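J.: Everything below, folded, please.
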Amino acid sequence: MAVSKITRNTDSLKKELSLPMVFCVALKQVIGGGVIALTGVAIGLTGAGVPLAYTLAALTSIMAGIPFAIMSSAMPVTGGTYTWPTRLLSPVAGFLTLWFFFLTNVALSLYAITAADYISVFYEHFPAWLQLPKPLLAFFILTLFYLLNLSGSKSTAKVGMVLTLIMASAILLFIVTGAPEIQATNFSELLPNGFNGLISAAGILLFTTGGAAMVGELGGEMKNPGRDIPIAIIGATGLAAVAYVLASSVAAGVLPIPDVANKPLTLVAEHVMSRGQFLYFSIGAGIVSVLGIINAQMLWGSKSLLVACDDNWLPRKLASVNKRFGTPHYLLTLLYLIGILPIALSLSVKEISIAAGITGVVAQIVVIVCCFMLYRNHKGIYDNATFKVRSKPLLMTIIAIAFLLNCFLVIMMFINEASAMTAMLICGWMVVGVIISVIRRKGILENTIESAAVGS
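T.: Model prediction:
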């Protein structure tokens, strides 16, 4: 159904996100609690070569992020993960990409439970009436960030900036206190398990160095998205890489390698820090880090669905934007319910979260294909982008590497984490999406590539 003009809910979103706000969202997506858990695992695989593994993982993540940066600069829109394939491939391709991508929001339950686990470690210092059961504490955490996100993207982003600064300062404290105690002899054998160990470690660490591209979902709420999103994606990943390399150098250099292999970062932190410093590190790099991820995902998690509702895939009323706060309150409530229902019903979210991780990477692969299609079929729009790769051979090389990297991630996740139940969940989710696309296809609004290129 072709339309010349229609009022869209995305038009009611407020353009109030600045570069510092979006940069902090991107940085929070890259630096998370994974650095505490996975650094020791990487040391177990590659020994003192873990800083090299982080460097390799970060470089490949930047390479994979370049297509997202190009798309965000050429077509700065709300909900790019849905909008780009819809305009460049087909409406059905866009909806199915969104359907896969939306499953990632189930991870809100996992993040809330993880935060509750971190907080419960300090229960011995709490009065008895504050020692809440973990499910109830997780419920309160999600409720807090749900209410915060209802108040507007600007206030949410400001809180995110504070959380990001606390987290970054905690990691910096670990680096500063640990660097003087690094033993050079720990690095005498840089790659004890050879090149294969290095590649295996880098593959695992890709899960910690990726994620900045999610700020592409916020293009419609940014003051200057064409400029700011590429800076946020590449800059945040690069800054995180420096922090990771320095922190992993401390992790591998202070204590003997066998003592820290497959152990959390807190083992080294407790050795080099005073009690007060260790407490701050545990809170900042652990609790605050996970809280920041919840806040960021609530901020961008509804945006692609908002545009899909405007296109009539789902009821348009569902995407109504609150006039006072400029937030999609019904969609935020949907995200909130997705987060609390597994907690309220005491469901295991492990298999769902693994499935969500895999489908999220599949959605990223589609976006990379969109970058190729933009260059091939809409060169004029590509050339008008603030951020672009001018050399065609270089661009094609980057796209190929990004495509292969994400395919590698999907394969790795299936091999290392997925079970038969995970495969069934993914297949079932896909079947439901296909059924919806068949039922709703005739009533979908067609949109031009040019409308997306100007962010409308």
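J.: From here on, just use CA atoms for contacts and neighbour counts.
T.: Will do.
J.: residue closest to the middle of the protein?
T.: Central residue of the chain (C-alpha atoms, centre = their mean): Gly211, 3.5 Å from the mean position.
J.: Would you check that that residue makes contact with Val25?
T.: No - Gly211 is beyond contact range of Val25, at 9.9 Å (criterion: C-alpha atoms under 8 Å).
J.: Can you report how many residues neighbour the nearest residue to Ala355 once chain neighbours are set aside?
T.: Leaving aside its sequence neighbours, Ala355 sits nearest to Thr422 (C-alpha to C-alpha, 6 or more residues apart in numbering; 5.5 Å). Thr422 has 20 neighbours, counted by other C-alpha atoms under 10 Å.
J.: Point out the other helices and strands that the helix or strand hosting Thr422 packs with.
T.: Secondary structure assigned from DSSP states H and E places Thr422 in helix 420-440. For helix 420-440, the elements it packs on are helix 91-102, helix 350-377, judged by 3 or more C-alpha pairs under 8 Å, 6 or more residues apart in numbering; DSSP states H and E.
J.: closest to Val432 out of those?
T.: Among these, the nearest to Val432 by C-alpha to C-alpha is helix 91-102 (9.1 Å).
J.: outside of that closest one, which residues touch it?
T.: Applying C-alpha atoms under 8 Å, 6 or more residues apart in numbering, the contact partners of helix 91-102 are 81-87, 301, 304-305, 308, 313, 356, 359-360, 362-363, 366, 429-430, 433-434, 437, 441, 444, 446.
J.: Which residue ranges of the stretch 151-300 of the chain form strands?
T.: Using DSSP state E, counting those that start in this stretch, the stretch 151-300 of the chain contains no strands.
J.: before we move on, back to that, the residue nearest to Ala355 touches Gly357, doesn't it?
T.: No - counting by C-alpha under 8 Å, Thr422 does not reach Gly357; the two are 10.5 Å apart.
J.: Quick check: the nearest residue to Lys317 once chain neighbours are set aside vs Ser73, distance?
T.: Once flanking residues are discounted, Lys317 sits nearest to Cys309: 7.9 Å by C-alpha to C-alpha, 6+ apart. The gap separating Cys309 from Ser73 is 24 Å, by C-alpha to C-alpha, to the nearest Å.
J.: When the two are compared, which one has more neighbours?
T.: Neighbour comparison, Cys309 and Ser73: the larger count goes to Ser73, with 27 against 21 (by other C-alpha under 10 Å).
J.: Share the number of residues neighbouring Phe122, please.
T.: For Phe122, the neighbour count with other C-alpha under 10 Å is 12.
J.: again with the one 4 residues further on
T.: For Phe126, the count of nearby residues is 11 (other C-alpha under 10 Å).
J.: ok, now how distant is it from Val389?
T.: Distance from Phe126 to Val389, by C-alpha to C-alpha: 54 Å.
J.: Check Pro67 too.
T.: 9 Å.
J.: Compare the two and say which is more crowded by neighbours.
T.: Neighbour tally, Pro67 and Val389, criterion other C-alpha under 10 Å: the higher count belongs to Pro67, 27 against 16.
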